[in-house]
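**Student:** coordinates only, sequence not included:
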Ligand code: BES
Ligand code: MN
Ligand code: MN
């Protein structure tokens, strides 16, 4: 059965995509101070559309404080005109990751381009496109309901997810009652495979850190001083080399103590998923082989085991050609993904103590926490999950698979802990959508199916 709202969505698909392109043209890179104005522009764009479609109390909630002057605004809206009916809290983020390296993009990251049924742009799937599905589902429901929704709705769209989401976390802690709802709907995850409706039921947490190594007072000529002066890059390499062994086992003392083993039922369900390790290696990763802990499948390694990664080592000489210098300082950006029941505070303390214990001679190390978020698993035993699987069944004609995600969405933990509401992670990205990488895309068929699924979900929760 096609509802009136779905008909409206289908008739307006072309316009929805054009609007999304306008949003994608705004380079709302939350980590880059020079883009703060663009981040705000994106917030205003989303707020204006929420107003236009009929949402109420639309406003930007400022998150900048004296301690965090760079905080980006949270977009809020609601429509709460059905006393007694449940309330759905729709969440998404309008900020994006940096687009670099730019020369790897086939079309410029902030000039959205359609190719082969996909829309290519930074933020296409993570998360502007998916957040837009929520807005367009609401618009379609308003149109079909002559200005009424089938359920109460609050919308929060944040501009700091990609930098740790501290602003929204503080808002949830301090003003949780303003987000009072029965269930949160988050569309910021992936489908396990094309055409396979998927609910994500767990996310890894993370701690993002910097290690700064200082050696000499100032940069030095490496011929004159090499051999006597400490080198911060060599020191960082020595430290980093001791974070994991050759098998990928993390060497931080105590790090695995709280790791919860997935249930037998979960492990069995994961083994039944259509996963081809060789295909994954070849098409998604593209390396000569995969790495990681022996004895764990790739899905266990990326969903249920912690890991350590190094993202960059700023400092020293990185220009073309050669410069013979011993840099005075170097930095390593190092993050760890956490799994239930690890906690960011304890894991960071273990890591910091271990790194400090490894400090090479002549070097002073500083270990800084940049941001952190808790790992979570959400329950599947509730009527909202049923509403979601029913809605996706109507659109995809298939049973939903339940997966975890290796990525992190820090606010989900706060929804579960602070608001004490179930969260439905219904995402429509694909494994090869290039999140955080050059040539990010969103498969347009999934944009449309996502809108239809969300319409069905909101109708289902209201019924
Ligand atoms: N949407 C992703 C998280 C994600 C991706 C979850 C794929 C499940 C599957 C989110 O925007 C993201 O990238 N989060 C960051 C969070 C961090 C900066 C705190 C991440 O995971 O690196
Ligand atoms: Mn995201
Ligand atoms: Mn992301």
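**Tutor:** Done, it's in. In this text, all values refer to a predicted model and were calculated from it rather than measured experimentally. Ligands and ions are numbered 1, 2, ... in the order given.
**Student:** Give me the domain ranges for the chain.
**Tutor:** Split into domains by automatic domain parsing, the chain comes to 2-203+375-462, 205-258+306-372.
**Student:** And those: which comes nearest residue 269?
**Tutor:** Proximity to residue 269 (CB to CB) singles out domain 2-203+375-462 among the domains of the chain, at 6.4 Å. The C-beta positions use only the backbone N, C-alpha and C, and glycine is treated the same way.
**Student:** Now do the residue of the stretch 251-400 of the chain found nearest ligand 2, the pLDDT please.
**Tutor:** In the stretch 251-400 of the chain, the residue that lies nearest ligand 2 is residue 373 (12.2 Å; CB to the ion). Listed pLDDT for residue 373 reads 94.
**Student:** how near is the nearest residue to it once chain neighbours are set aside to residue 395?
**Tutor:** Leaving aside its chain neighbours, residue 373 sits nearest to residue 410 (3.0 Å; criterion: CB to CB, 6 or more residues apart in numbering). From residue 410 across to residue 395, the span is 29 Å (CB to CB, to the nearest Å).
**Student:** Residue 190 too?
**Tutor:** From residue 190 over to residue 395 the distance is 16 Å, taken as CB to CB.
**Student:** likewise residue 296?
**Tutor:** Applying CB to CB to residue 296 and residue 395 gives a distance of 34 Å.
**Student:** Neighbour count for those two, which is higher?
**Tutor:** The residue with more neighbours, out of residue 296 and residue 395, is residue 395; 18 against 14, by other CB atoms under 10 Å.
**Student:** helix/strand/coil for the closest residue to residue 110 other than its chain neighbours?
**Tutor:** Distances taken as CB to CB, 6+ apart place residue 27 nearest to residue 110, at 4.8 Å, with adjacent residues excluded. The three-state assignment at residue 27 reads coil, by DSSP: H, G, I helix; E, B strand; the rest coil.
**Student:** right, and residue 27 touches residue 99 too?
**Tutor:** Yes - between residue 27 and residue 99 there is a contact under CB atoms under 8 Å: 7.5 Å.
**Student:** what's the overlap in contacts for those two?
**Tutor:** Common neighbours of residue 27 and residue 99, using CB atoms under 8 Å, 6 or more residues apart in numbering, are 109-110, 122.
**Student:** Any chance of a markdown table for those residues, columns distance to ligand 2, neighbour count and secondary structure?
**Tutor:** Output for the shared contacts of residue 27 and residue 99, formatted as a markdown table (distance: CB to the ion, whole Å; neighbours: other CB atoms under 10 Å; DSSP: H, G, I helix; E, B strand; the rest coil):
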| residue | distance to ligand 2 | neighbour count | secondary structure |
| --- | --- | --- | --- |
| 109 | 16 | 25 | coil |
| 110 | 17 | 18 | coil |
| 122 | 12 | 26 | coil |
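**Student:** export those to CSV and tack on pLDDT?
**Tutor:** Below are the shared contacts of residue 27 and residue 99 laid out as CSV (pLDDT from 0 to 100):
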residue, pLDDT
109, 98
110, 98
122, 98
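**Student:** Which member of the residues you listed is positioned nearest ligand 1?
**Tutor:** residue 122 (11.9 Å; CB to the nearest ligand atom).
**Student:** wait, what's in contact with the closest residue in space to the closest one that isn't next to it in sequence?
**Tutor:** Closest residue in space to residue 122, ignoring its immediate chain neighbours: residue 109 at 4.0 Å, by CB to CB, 6+ apart. Residues in contact with residue 109 (CB under 8 Å, 6+ apart) are 27, 99, 102, 121-122, 438, 440.
**Student:** can you check residue 373 too?
**Tutor:** By CB under 8 Å, 6+ apart, residue 373 lies in contact with 164-165, 205-206, 344, 408-410, 413.
**Student:** if you set the cut-off to 6 Å instead, what comes out?
**Tutor:** For residue 373, the contacting residues are 205-206, 408, 410, by CB atoms under 6 Å, 6 or more residues apart in numbering.
**Student:** Burial check on whatever residue of the stretch 1-150 of the chain ends up closest to ligand 1, number of neighbours?
**Tutor:** Relative to ligand 1, the nearest point of the stretch 1-150 of the chain is residue 126 (4.8 Å; CB to the nearest ligand atom). Residues near residue 126, counting by other CB under 10 Å, number 27.
**Student:** Ok, the one 5 residues further on next?
**Tutor:** Applying the criterion other CB under 10 Å, we find 26 residues in the vicinity of residue 131.
**Student:** Give me the phi and psi for it.
**Tutor:** When quoted as degrees, to the nearest 10, the phi and psi of residue 131 stand at phi -60, psi -40.
**Student:** now swap in residue 429 and tell me
**Tutor:** The phi/psi pair for residue 429 (degrees, to the nearest 10) reads phi -70, psi 170.
**Student:** Could you check what's spatially nearest to it, not counting adjacent residues?
**Tutor:** residue 190 (4.0 Å).
**Student:** Got phi/psi on that neighbour?
**Tutor:** phi -120, psi 160.
**Student:** these two touch, right, it and residue 427?
**Tutor:** Yes - taking contacts as CB atoms under 6 Å, residue 190 lies within contact range of residue 427: 5.5 Å.
**Student:** Turn the contacts of residue 373 into JSON lines, including distance to ligand 1 and neighbour count.
**Tutor:** Output for those, formatted as JSON lines (distance: CB to the nearest ligand atom, whole Å; neighbours: other CB atoms under 10 Å):
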{"residue": "205", "distance to ligand 1": "9", "neighbour count": "24"}
{"residue": "206", "distance to ligand 1": "5", "neighbour count": "24"}
{"residue": "408", "distance to ligand 1": "4", "neighbour count": "26"}
{"residue": "410", "distance to ligand 1": "5", "neighbour count": "24"}
